[in-house]
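J.: sequence and computational prediction follow.
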Amino acid sequence: MIPQLVTFITLLVLLIVGTLVAIPAIQNVFEQMGSEAELPAITMAFQRFLNRLVQYWYIPTFIIIGTIVRNSYVYKDTGR
């Protein structure tokens, strides 16, 4: 279970960092070339989602911490 969790977290981090760093760089290249082409709508929607996530970082942080704490109490109560 741990290797799959590490793989999932690694992929999630790569996706987020790639979106926050690579997409603006690609947009700048399009603008510098004077191209009228745009990135796909799903890419732009994901970028807007991540920008809001960065702006309101404390909400997912509290949700993640709360979930971890709740799950640790639930696991303790199972008697294992």
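T.: That came in fine, so what should we check first?
J.: all contacts plus neighbour counts: C-alpha atoms, from now on.
T.: Noted.
J.: excluding its backbone neighbours, what's nearest the most centrally placed residue in the chain?
T.: Closest residue to the average C-alpha location of the chain: residue 16 at 4.2 Å, with CA atoms, centre = their mean. Distances taken as CA to CA, 6 or more residues apart in numbering put residue 50 closest to residue 16, at 7.4 Å, once the chain neighbours are dropped.
J.: name the helix or strand for that neighbour, please.
T.: helix 41-55 (DSSP states H and E).
J.: by contact count, what packs against that helix?
T.: In terms of contacts (3 or more CA pairs under 8 Å, 6 or more residues apart in numbering; DSSP states H and E), helix 41-55 is packed against helix 2-33.
J.: may I see the buried residues of stretch 14-25?
T.: Buried residues in stretch 14-25, defined by neighbour count with 16 or more other CA atoms under 10 Å: 19-20, 23.
J.: stretch 35-52 too?
T.: For stretch 35-52, a neighbour-count test (16+ other CA under 10 Å) marks 47, 50 as buried.
J.: could you dump it to CSV, C-alpha only?
T.: C-alpha atoms of stretch 35-52 as CSV (Å, rounded to 0.1, in the frame of the first residue of the first chain):
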residue,chain,number,x,y,z
SER,A,35,0.3,33.1,-32.2
GLU,A,36,-3.5,33.1,-31.8
ALA,A,37,-3.5,29.5,-30.7
GLU,A,38,-4.7,28.8,-27.2
LEU,A,39,-4.2,26.0,-24.8
PRO,A,40,-7.1,23.4,-24.5
ALA,A,41,-10.0,24.5,-22.3
ILE,A,42,-9.4,21.6,-19.8
THR,A,43,-5.8,22.8,-19.3
MET,A,44,-6.9,26.3,-18.6
ALA,A,45,-9.7,25.2,-16.3
PHE,A,46,-7.2,23.1,-14.3
GLN,A,47,-4.9,26.0,-14.1
ARG,A,48,-7.6,28.3,-12.8
PHE,A,49,-8.5,25.6,-10.2
LEU,A,50,-4.9,25.4,-9.0
ASN,A,51,-4.6,29.2,-8.9
ARG,A,52,-7.6,29.2,-6.5
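J.: for it, what is the distance to the chain centroid?
T.: 14 Å (CA atoms, centre = their mean, to the nearest Å).
J.: what does that stretch contact?
T.: With contacts defined as CA atoms under 8 Å, 6 or more residues apart in numbering, stretch 35-52 is touched by 16, 19-20, 23, 27, 30.
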